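Visitor: Would you be able to build a 3D model of this:
(4 chains)
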Number of protein chains: 2
Amino acid sequence: MNIPRPIAETSPPPEAILEAALDEFADRGYPGARIDEIARRAGVNKAGLYYHVGNKETLYLLSLRRIFSPLAAVMAAPAPEGSPEERLRFHVARFAEGIVSDRRFAPIMLRELADHGANMPKEILAVMVSSLKRLTGVVDDGVAAGRFRPFPPPLIHFMLVGALNLSVVTAPVRARAESEGLASPAQVALPDAATLAAQMAELFLNGLRADRKE
Amino acid sequence: MNIPRPIAETSPPPEAILEAALDEFADRGYPGARIDEIARRAGVNKAGLYYHVGNKETLYLLSLRRIFSPLAAVMAAPAPEGSPEERLRFHVARFAEGIVSDRRFAPIMLRELADHGANMPKEILAVMVSSLKRLTGVVDDGVAAGRFRPFPPPLIHFMLVGALNLSVVTAPVRARAESEGLASPAQVALPDAATLAAQMAELFLNGLRADRKE
DNA sequence: GATTAGTTTAACTGTTCGGTTAATTCGAAA
DNA sequence: TTTCGAATTAACCGAACAGTTAAACTAATC
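Guide: Below you'll find the predicted structure:
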């Protein structure tokens, strides 16, 4: 708490530190992550790390902000015009990119949620909420236009978020299940992220389509 | 490492210890959980805890086994006969019960996956795999019978698992989003677990139904 | 009521780890 | 060349925490 303490806005910490922090936070979680290890991976002295970043918590916050920035960018871009179907496909595709583009996103997000989002800054909460709202807007429009049957948008959102994050994060377990003879390769295989997103979008569209009698 | 060391199979540790451990592991994760706190919550002395349970890791393993046992029971029960549609509805309903019946399941499972399932014992991996396989069986039969369109079962499974776990674990964040004015109550509300599962099953069935021309 | 095995406890140990300190190095301005 | 602020470093500190120890307590058995 002495005079020189450039936090956050003052001068951004070196990228190497944030990258190393993301690696460590992603595979150990906040309590498990070790500052010494982050410093080592970043190639800086521990005291140097503390010089740039005030403490473990602000380092975590800065890392969170960084890992969420692709998704934030996706949500900051304007949503396209078009039919509800096209818009849903578009949303799913872009959203999936935002989540899957960095393998560290999924573990960090899942752990953060398991922590009740206790240290989630409001700006990041806002990104998550805005993605839910965008999906809600598409679904509501589709329902209003008589093309979708009513369905709770948060549930679709959670299926989407959940499946995307799990598909990233289960990779090692699926490999293990396979190598331990619990499942055949085909039983636990997943397509690449883009087709995965497209397949989900189609399932949602078919599931929501209102063109049936009943 | 002295002579008296009743581990696991020898004599099961008191329920109070396992329950306290589950509480602590669920809301702090493995590295964040404190043995002293678990002992305190369980109303036993720390050395007493170590007497019954060898160390933190075996305590965690015992807790894992316990929290997974409802799901294991669901998977151990025979799958019913019937149409693919009925069987899918049944599977989703029972599976959801297994996951949602204890609020501590979701955070523990999500954290475990975020850790690459590194300390997941094979028997628990087997439960997860068998639930995927059961779903796969239903979907494959539906496709073979010409009633479902082909779709990767693991993806459905991840949507299901993801949405169920997220619906539990996001409760505090959703409340916060609401209280901080980021979303209206209706925008982040979810039905109870049973109807949630039923809605998902219907979405899957509509999404998979093969009775369209195209 | 003495013995003994199982159980509980307070007090302690050793290590890991977040954070600090004070001295040093570096680099640009003057 | 001096100066001065920013950046770096080795060494250190204190707290939290997993795990241990040795003694005390309890209850069944003889």
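
Visitor: who's in contact with the residue most central in space within chain A?
Guide: Centroid check for chain A by C-alpha atoms, centre = their mean gives A:Ile99 as the closest residue, at 4.0 Å. Taking C-beta atoms under 8 Å, 6 or more residues apart in numbering or on different chains as the criterion, A:Ile99 is in contact with A:Leu71, A:Phe105, A:Ala106, A:Met109, A:Val161, A:Leu164, A:Asn165, A:Val168. (C-beta placed from N, C-alpha, C; glycine too.)

Visitor: Please identify which helix or strand holds it.
Guide: Per DSSP states H and E: A:Ile99 is located in helix A:84-100.

Visitor: buried set for that helix?
Guide: Neighbour-count burial for helix A:84-100 flags A:84-85, A:87-89, A:91-100 (criterion: 16 or more other C-beta atoms under 10 Å in any protein chain shown).

Visitor: Would you check which pair of these lies furthest apart?
Guide: A:Pro84 and A:Val100 (23.9 Å; C-beta to C-beta).

Visitor: what's the longest helix in chain A?
Guide: Longest helix of chain A, by residue count under DSSP state H: helix A:122-144.

Visitor: next helix or strand past that helix?
Guide: The helix or strand immediately downstream of helix A:122-144 is helix A:153-169, counting by DSSP H and E.

Visitor: Just the C-alphas of that following helix, formatted as CSV.
Guide: Output of helix A:153-169 as CSV, limited to C-alpha atoms (Å, rounded to 0.1, in the frame of the first residue of the first chain):
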residue,chain,number,x,y,z
PRO,A,153,-34.8,-18.9,-23.9
PRO,A,154,-32.6,-19.3,-20.8
LEU,A,155,-32.9,-23.0,-21.2
ILE,A,156,-31.7,-22.9,-24.8
HIS,A,157,-28.9,-20.5,-23.7
PHE,A,158,-27.8,-22.9,-21.0
MET,A,159,-27.9,-25.9,-23.4
LEU,A,160,-25.7,-23.9,-25.8
VAL,A,161,-23.3,-22.6,-23.2
GLY,A,162,-23.1,-25.9,-21.4
ALA,A,163,-22.5,-28.0,-24.5
LEU,A,164,-19.9,-25.6,-25.8
ASN,A,165,-18.0,-25.5,-22.6
LEU,A,166,-18.3,-29.2,-21.9
SER,A,167,-17.1,-30.1,-25.4
VAL,A,168,-13.9,-28.2,-24.7
VAL,A,169,-13.4,-29.3,-21.2
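
Visitor: Quick one: residues in contact with the helix or strand that it is followed by.
Guide: Following helix A:153-169 in sequence order, the next helix or strand is helix A:171-179 (DSSP H and E). Helix A:171-179 has contacts (C-beta under 8 Å, 6+ apart) with A:183-185, A:188-190, B:113, B:116-118, B:120, B:125, B:128-129.

Visitor: Can you tell me which of the contacts of A:Ile99 are buried?
Guide: Burial by neighbour count, judged by 16+ other C-beta under 10 Å, picks out A:Leu71, A:Phe105, A:Ala106, A:Met109, A:Val161, A:Leu164, A:Asn165, A:Val168 from those.

Visitor: wouldn't the third one be in contact with A:Gly162 here?
Guide: It stands for A:Ala106. No - between A:Ala106 and A:Gly162 there is no contact under C-beta atoms under 8 Å: 10.3 Å.

Visitor: Flag the shaky bits of chain A, pLDDT-wise.
Guide: Residue ranges of chain A with pLDDT under 70: A:1-10, A:212-214.

Visitor: For chain B, what's its nearest residue on it.
Guide: Distances between chain A and chain B by C-beta to the nearest C-beta are smallest at A:Gly162, namely 1.6 Å.

Visitor: Look up the closest residue to that residue, ignoring the ones flanking it.
Guide: In this structure, A:Gly162 finds its nearest non-sequential neighbour in B:Gly162, 1.6 Å apart by C-beta to C-beta, 6 or more residues apart in numbering or on different chains.
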